[in-house]
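A.B. asks: Pasting a predicted model and its sequence here:
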Amino acid sequence: MEIFKYMETYDYEQLVFCQDKQSGLKAIIAIHDTTLGPALGGTRMWTYESEEAAIEDALRLAKGMTYKNAAAGLNLGGGKTVIIGDPRKDKNEEMFRAFGRYIQGLNGRYITAEDVGTTVADMDIIHEETDYVTGISPAFGSSGNPSPVTAYGVYRGMKAAAKEAFGTDSLEGKVVAVQGVGNVAYSLCRHLHEEGAQLIVTDINKEAVQRAVEEFGARAVEPNEIYSVDCDIYAPCALGAVINDHTIPQIKAKVIAGAANNQLRDPRHGDIIHEMGIVYAPDYVINAGGVINVADELYGYNHERAMKKVETIYSNIEKVIEIAKRDRIPTYKAADRMAEERIERMRNSRSQFLQNGHHILSRR
Ligand SMILES: NC(=O)c1ccc[n+]([C@@H]2O[C@H](COP(=O)([O-])OP(=O)(O)OC[C@H]3O[C@@H](n4cnc5c(N)ncnc54)[C@H](O)[C@@H]3O)[C@@H](O)[C@H]2O)c1
Ligand SMILES: CC(C)C[C@H](N)C(=O)O
């Protein structure tokens, strides 16, 4: 990968490599765009096949956060961190302390939170070194684990997409295929079950599957079977790139609406599902609940205010569908247009973010 060429093509601002020999920290912080404000995005810990794969993931996820934050109406730019390692084996306190010091060194250009492989407890350790971290324990006046709020936003966005496909936003009796039943999807399944949807679930973690079967009466299938099951809605809630040349021909769902980031392998896959008549709820619009919730900490966390903003995910999905129909484009392009237009409008009044994150965080 030619890193500078890639960064220039997609207009990234900064890529930071963090190494701490003693703790084993190997982290990559990618800051995509700070036009709207400091870059807020979670920290993923994952066992990457190669350093190149980790860099690519950090870059793709950071850009996704720029679009997510812009489309959600937040005054925040986009960034993300990946830590190379196995979250079940390689974590230690010194690692997150060291990482916290690197974040502090960025002086507010980047604010972190949870993502796959990191927890509230990890954020609390980071908080020992820096204020530029959200999603820390409620005991600190913070918002805690963002996953249930993300799930609620996905549930609301799924209803908006269902209204377009089925003429009603009721999910009662609808068959929803949920891929991955981790932190977000477990709460999502609960909302769906309470509304009377029928669930088909899969996960590489057998215990997670078993829990969904026992608590929500879900039917379990093998991970590679989830694409081809007979269902109304496919909800990707594991990792990205699951909508691709191999999976698309198998999909029977009329709606794709889930929590995973970067669901489309490439933009052209968004064109293909559009031509198939599938209503696709763009990932970064529907899964913005968590970031909306943690972002509220920057104003002194208020749950009611945060949830009111999370409710806008329903109307944002409606808006994206409306733009797509008006301009005869796929929904993923409509979402990009919505986000890019907001960034461009703001670019006229401010360019690069200069430190005021400390000022914001001091209100918390
Ligand atoms: N947590 C949040 O608030 C939040 C916010 C926005 C987006 N997201 C995105 O949503 C997705 C899920 O996040 P999470 O926090 O629930 O993570 P998680 O790690 O708790 O859950 C992911 C689940 O997917 C399973 N999985 C992994 N690979 C799989 C495969 N090939 N087939 C089936 N299952 C597989 C894992 O075993 C795990 O149970 C991620 O893409 C994340 O980036 C999360
Ligand atoms: C800021 C976090 C809540 C980010 C979250 N993991 C996301 O992808 O939106």
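C.D. replies: Arrived safely, thanks for sending. Ligands and ions are numbered 1, 2, ... in the order given.
A.B. asks: any idea how far ligand 2 is from the residue nearest to residue 197 when sequence neighbours are not counted?
C.D. replies: Spatial nearest neighbour of residue 197, chain neighbours left out: residue 171 (4.5 Å); criterion: Cβ to Cβ, 6 or more residues apart in numbering. C-beta coordinates here come from the backbone N, C-alpha and C atoms, glycine included. Separation of residue 171 from ligand 2 (Cβ to the nearest ligand atom, to the nearest Å): 23 Å.
A.B. asks: Same check on residue 334?
C.D. replies: Shown here: residue 334 relative to ligand 2, a distance of 20 Å by Cβ to the nearest ligand atom.
A.B. asks: Residue 266 too?
C.D. replies: 20 Å.
A.B. asks: My guess is residue 19 contacts residue 83. True?
C.D. replies: No. Using Cβ atoms under 8 Å, residue 19 is not in contact with residue 83, being 11.2 Å away.
A.B. asks: Next, show the common contact partners of the two.
C.D. replies: 25-26 (Cβ atoms under 8 Å, 6 or more residues apart in numbering).
A.B. asks: more crowded one of the two?
C.D. replies: Comparing residue 19 with residue 83 by other Cβ atoms under 10 Å, the one with more neighbours is residue 83, at 28 against 11.
A.B. asks: which strands and helices sit next to the helix or strand containing that one?
C.D. replies: Element membership of residue 83 [criterion: DSSP states H and E] is strand 77-84. Counting contacts by 3 or more Cβ pairs under 8 Å, 6 or more residues apart in numbering; DSSP states H and E, strand 77-84 is packed against strand 25-33, strand 39-40, strand 43-46, helix 51-71, helix 93-105, strand 110-111.
A.B. asks: Now do residue 348, the pLDDT please.
C.D. replies: You'll see residue 348 listed with a pLDDT of 76.
A.B. asks: for the one 4 residues further on, same thing?
C.D. replies: The per-residue pLDDT reported for residue 352 equals 59.
A.B. asks: for residue 140, same thing?
C.D. replies: 88.
A.B. asks: With adjacent residues omitted, what lies nearest to it?
C.D. replies: Per Cβ to Cβ, 6+ apart, closest to residue 140 is residue 127, 6.9 Å.
A.B. asks: And residue 94, by the same measure?
C.D. replies: residue 23 (3.8 Å).
A.B. asks: Just list the residues touching the residue of the stretch 251-364 of the chain found nearest ligand 2, thanks.
C.D. replies: Nearest residue of the stretch 251-364 of the chain to ligand 2 (Cβ to the nearest ligand atom) works out as residue 290 at 3.5 Å. With contact set as Cβ under 8 Å, 6+ apart, residue 290 has these partners: 42, 113-114, 135, 146-147, 149-150, 153, 184.
A.B. asks: isn't there a helix covering it?
C.D. replies: Yes. Counting by DSSP: H, G, I helix; E, B strand; the rest coil, residue 290 is located in a helix.
A.B. asks: middle-most residue in this protein, spatially?
C.D. replies: residue 261 (4.8 Å; Cα atoms, centre = their mean).
A.B. asks: and the strand holding residue 83, C-alpha only, in CSV?
C.D. replies: Extracted as CSV, the C-alpha positions of strand 77-84 are listed here (Å, rounded to 0.1, in the frame of the first residue of the first chain):
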residue,chain,number,x,y,z
GLY,A,77,-14.8,15.0,12.6
GLY,A,78,-13.9,11.4,12.0
GLY,A,79,-11.1,9.2,13.3
LYS,A,80,-10.5,5.7,14.6
THR,A,81,-7.9,3.6,16.3
VAL,A,82,-7.0,0.0,15.8
ILE,A,83,-4.8,-1.8,18.4
ILE,A,84,-3.2,-4.9,16.9
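A.B. asks: any idea how far the residue nearest to residue 260 when sequence neighbours are not counted lies from residue 226?
C.D. replies: Of all residues beyond its chain neighbours, the one nearest residue 260 is residue 236 (4.4 Å), with distances taken as Cβ to Cβ, 6+ apart. Noted for residue 236: a distance of 9 Å to residue 226, by Cβ to Cβ, to the nearest Å.
A.B. asks: And for residue 98, the neighbour number?
C.D. replies: With other Cβ under 10 Å as criterion, residue 98 counts 21.
A.B. asks: Same question for residue 22.
C.D. replies: Residue 22: 9 neighbours (other Cβ under 10 Å).
A.B. asks: Equivalent analysis for residue 245, please.
C.D. replies: 11.
A.B. asks: do the one 3 residues further on as well
C.D. replies: Neighbours of residue 248 under the rule other Cβ under 10 Å: 16.
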